[in-house]
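> Sequence first, then the predicted structure:
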Amino acid sequence: MTTVVFVHGTGVRVPALTALVSRVDDGLRRAAPRVRLVVCDWGSEHGATLAANGASIPTDDGRHRGAGSAGTAAEAGAAEWELLYADPLAELRLIGAEAARSGPLPPHQVPADVAIRRRLNDLLADSDELEATLRLTATSHGEQAVQTLLDAPELAEAAQVAEADTLAELTARALVARLLADASAAGDPLIPTADDRDAAIAVLTTRLGGRPPGSERGPARLLLRAMTPLASRAAVRRRAVITRATHPAAGDILRYLARGDAHRAQLADLVRAQPSPVVLLCHSLGGIIAVDTLVTRALPHVTLLVTVGSQAPFLYETGALPSLRYPRPLPLSFPAWLNIYDPHDLLAFAAQPLFPAHATDVPLSSGQPFPHAHSAYWTNPELYEAVVGHLP
């Protein structure tokens, strides 16, 4: 009889662990009735806890509201920009959706969007001026940001409604929003403060032919604020609740990487106590624990390692795997490795390209998007069929 040792992932504790183990046991028994399941519950003993009952978490004690309207405006502004970073053209789209201004333009008057496009093209043609105007990040994303506005039909639609000054400011805000969204997505280490961002918008508004933004808010910006869910503001006010709910998962990873000896010793002791053959079936961080354990200890009656949604290959490639640094190979004692990953799971990585002598990758889709895909493996019957097909 094969013994399968199940090593759970981050943040899993009783009673959720009980339900998970029951589902895994049922899935294995349906596919291989003679399999025996044993659980390595490392979370109960070595998982992260808030030892001081969350004393490190800043509390929402009302002091930020004591700052008066300035504090409230800062919170609302942060939430407004959160929406703009997600959709830089939101303000132009909103104002363009209003009823178009009636009547033709006066003779010889250049449409507002045409004038702005000319100025955007001038910026695009002069890289030095563009860099000086948009010096907000460590790396340049200005050309892509400008091109977004040049290609946007929203600019012409907004020009049918907005005054020239308003259109110039909204275009500047859209350009800066796109610039900073691209910089953040690229991992840029320098993102400006709100004051520096707004100063750049004032300079850019002038460069696009408008007057510097004043205290009055344009209609599109009022609409945007009304539509903004204030997610950042809500997150700050609910920080203690959010941190307490999410700390086991993040904390488990940090604690393991800092002090993982106890995790590895627990798994090794459990494996040694089982009759041969033993298969390790591991999810997420559990796969990292298992890989490190097998690299640092010879456990000859482990004949197969199965990792599901694991980050071990990525940690190895980036030099962060505790037991093995790239490009050192796995030890000869390392067992066959079946690595199952969902292409939609952004926390799952391929092992076979890095360890071709040991690892076999099996892509397996649950049909769920991320992050749901990271937890949807265990309800997929195909997973158990893949595992059973490799059992000794």
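Happy to help now that I have it.
> which residues of the stretch 201-350 of the chain fall in strands?
278-283, 302-308, 336-341 (DSSP state E, counting those that start in this stretch).
> May I see the buried residues of the last one?
Neighbour counts using 16 or more other C-beta atoms under 10 Å place 336, 337, 338, 339, 340, 341 of strand 336-341 among the buried residues. (Glycine included, C-beta is placed from N, CA and C.)
> quick one: the helices in the stretch 201-350 of the chain?
219-227, 231-237, 239-258, 261-272, 285-296, 312-317 (DSSP state H, counting those that start in this stretch).
> ok, back up a step: could you export the strands of the stretch 201-350 of the chain as JSON lines, including distance to residue 267 and mean pLDDT?
Shown next, in JSON lines, are the strands of the stretch 201-350 of the chain (distance: least, C-beta to C-beta, whole Å; pLDDT from 0 to 100):
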{"stretch": "strand 278-283", "distance to residue 267": "8", "mean pLDDT": "98"}
{"stretch": "strand 302-308", "distance to residue 267": "10", "mean pLDDT": "98"}
{"stretch": "strand 336-341", "distance to residue 267": "16", "mean pLDDT": "98"}
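> so where's this protein shaky on pLDDT?
The model of the chain has pLDDT under 70 over residues 59-77, 98-111, 137-140, 190, 214-247.
> just the buried residues of strand 336-341 now: which is nearest residue 85?
Residue 85 lies nearest to residue 341 out of the buried residues of strand 336-341, by C-beta to C-beta, at 29.7 Å.
> correct me, but that closest one touches residue 364?
Yes. The pair residue 341 / residue 364 is scored as a contact, 7.2 Å apart, by C-beta atoms under 8 Å.
> Adding distance to residue 45, write the strands of the stretch 201-350 of the chain out as JSON lines.
What follows is those, written out as JSON lines (distance: least, C-beta to C-beta, whole Å):
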{"stretch": "strand 278-283", "distance to residue 45": "17"}
{"stretch": "strand 302-308", "distance to residue 45": "21"}
{"stretch": "strand 336-341", "distance to residue 45": "26"}
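> What separation do you get for residue 368 and residue 30?
To residue 30, residue 368 is 21 Å away according to C-beta to C-beta, to the nearest Å.
> Not counting its neighbours along the chain, what's nearest residue 369?
residue 344 (5.8 Å; C-beta to C-beta, 6 or more residues apart in numbering).
> again, but for residue 8
Once flanking residues are discounted, residue 8 sits nearest to residue 286: 5.4 Å by C-beta to C-beta, 6+ apart.
> can you pull out the helices in the stretch 1-150 of the chain?
Ranges of helices in the stretch 1-150 of the chain, per DSSP H, counting those that start in this stretch, are 16-31, 42-46, 69-86, 90-96, 112-125, 127-133, 142-150.
> Put together JSON lines for those, with mean neighbour count and distance to residue 183 on each row.
Output for the helices of the stretch 1-150 of the chain, formatted as JSON lines (neighbours: other C-beta atoms under 10 Å; distance: least, C-beta to C-beta, whole Å):
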{"stretch": "helix 16-31", "mean neighbour count": "16", "distance to residue 183": "38"}
{"stretch": "helix 42-46", "mean neighbour count": "17", "distance to residue 183": "37"}
{"stretch": "helix 69-86", "mean neighbour count": "16", "distance to residue 183": "10"}
{"stretch": "helix 90-96", "mean neighbour count": "24", "distance to residue 183": "18"}
{"stretch": "helix 112-125", "mean neighbour count": "18", "distance to residue 183": "17"}
{"stretch": "helix 127-133", "mean neighbour count": "14", "distance to residue 183": "13"}
{"stretch": "helix 142-150", "mean neighbour count": "18", "distance to residue 183": "9"}
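> what sits against residue 96?
Contacts of residue 96 were listed using C-beta atoms under 8 Å, 6 or more residues apart in numbering, and they are 154, 157, 158, 160, 161.
> what's the first one in contact with, if anything?
Put plainly, it is residue 154. The neighbourhood of residue 154, defined by C-beta under 8 Å, 6+ apart, consists of 89, 92, 93, 96.
> and the residues you listed as TSV, adding distance to residue 52?
Listed next are the contacts of residue 154 as TSV, based on distance: C-beta to C-beta, whole Å:
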residue	distance to residue 52
89	46
92	48
93	47
96	52
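> Which one of these is nearest to residue 385?
Looking across the contacts of residue 154 and measuring by C-beta to C-beta, the closest to residue 385 is residue 89, at 46.3 Å.
> Any idea how many residues pack against that closest one?
By other C-beta atoms under 10 Å, the residues close to residue 89 number 21.
> Without its sequence neighbours, what residue ends up closest to it?
residue 154 (4.8 Å).
> Is it correct that that neighbour falls within a strand?
No. According to DSSP: H, G, I helix; E, B strand; the rest coil, residue 154 belongs to no strand; its state is helix.
> What's the separation between it and residue 142?
19 Å.
> Rebuild the helices of the stretch 1-150 of the chain as JSON lines, extending it with distance to residue 250.
Shown next, in JSON lines, are the helices of the stretch 1-150 of the chain (distance: least, C-beta to C-beta, whole Å):
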{"stretch": "helix 16-31", "distance to residue 250": "16"}
{"stretch": "helix 42-46", "distance to residue 250": "13"}
{"stretch": "helix 69-86", "distance to residue 250": "21"}
{"stretch": "helix 90-96", "distance to residue 250": "31"}
{"stretch": "helix 112-125", "distance to residue 250": "42"}
{"stretch": "helix 127-133", "distance to residue 250": "37"}
{"stretch": "helix 142-150", "distance to residue 250": "32"}
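> Among those helices, single out whichever gets nearest to residue 275.
helix 16-31 (16.9 Å).
> who's in contact with that closest one?
Contacts for helix 16-31 (C-beta under 8 Å, 6+ apart): 4, 6, 8, 12, 35, 37, 39, 41, 43, 281, 378-379, 381, 383-385, 387-388.
> Now the buried members of those residues.
Here, 16+ other C-beta under 10 Å leaves 4, 6, 8, 12, 35, 37, 39, 41, 43, 281, 378, 383-384, 387 buried among those.
> helices or strands next to the lengthiest helix in the chain in the packing?
Longest helix of the chain, by residue count under DSSP state H: helix 164-185. Where contact means 3 or more C-beta pairs under 8 Å, 6 or more residues apart in numbering; DSSP states H and E, helix 164-185 is packed against helix 69-86, helix 90-96, helix 112-125, helix 142-150, helix 153-159, helix 194-207, helix 219-227.
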